[in-house]
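Undergrad: sequence first, then the predicted structure:
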Amino acid sequence: MAFEIWPACFDDRVPVPTLLASLPAGSWVAADKGYVSAALRETVLNDTGVTLVAAHRANMTPNLPDEAAFIRHQRRRIETLNSQLVALGLQRLHARTVDGFLIKVHATLFAITATFVT
C-alpha cells in the first residue's frame, strides 16, 4: 500500500506516477473521474507500464467493456473501504503535530489492512 498526503491547494494528479511506480507492469488501477485525462493515462502507462482506468464522464465516449467491468468490480471494494475508514474516524483526526497526524493515518491504514489479511 502506498499513499502521499498533499496540501489541498496542490494538484492531486502530480504524485500518481510516483505512487504507481512500484506496481508490476501490466497492472490496472481504478481511478476517479478526476483522472480521466488522456495525457495522464499515457504518462502513467509510458512511465510505469500501469494502465489507469477512470470512469468516463457522461458527455464522453463510454469506457470499453472490459474497463467498465473492471470499474464496476472495484467500485464496491473502494466504497466499502471508504466507509470503513470513516467508521474508524479517519475524517476527524485531532492531532496536534504533523507526526501525530501521520501516526494516526498509518495506524488506521494498518488496522484496515490487517482486517483484509485475516
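TA: Alright, I've got the coordinates.

Undergrad: residue ranges with poor pLDDT in this structure?
TA: Using pLDDT under 70 as the threshold, the predicted model of the chain has low-confidence ranges 117-118.

Undergrad: helices of that one, residue ranges please.
TA: Remark: helices of the chain, listed N- to C-terminal, are 16-20, 38-48, 65-87, 98-117; assignment by DSSP state H.

Undergrad: pick out the residue closest to the middle of this structure.
TA: Most central in the chain under CA atoms, centre = their mean is residue 31, positioned 6.4 Å from the mean C-alpha point.

Undergrad: now for the residue nearest to it when sequence neighbours are not counted: which residues touch it?
TA: Nearest residue to residue 31 in three dimensions, chain neighbours excluded: residue 54, at 4.1 Å (CB to CB, 6 or more residues apart in numbering). Just so you know, the C-beta spots here come from the backbone N, C-alpha and C atoms, and that holds for glycine as well. Shown in contact with residue 54 (CB atoms under 8 Å, 6 or more residues apart in numbering): 30-36, 41.
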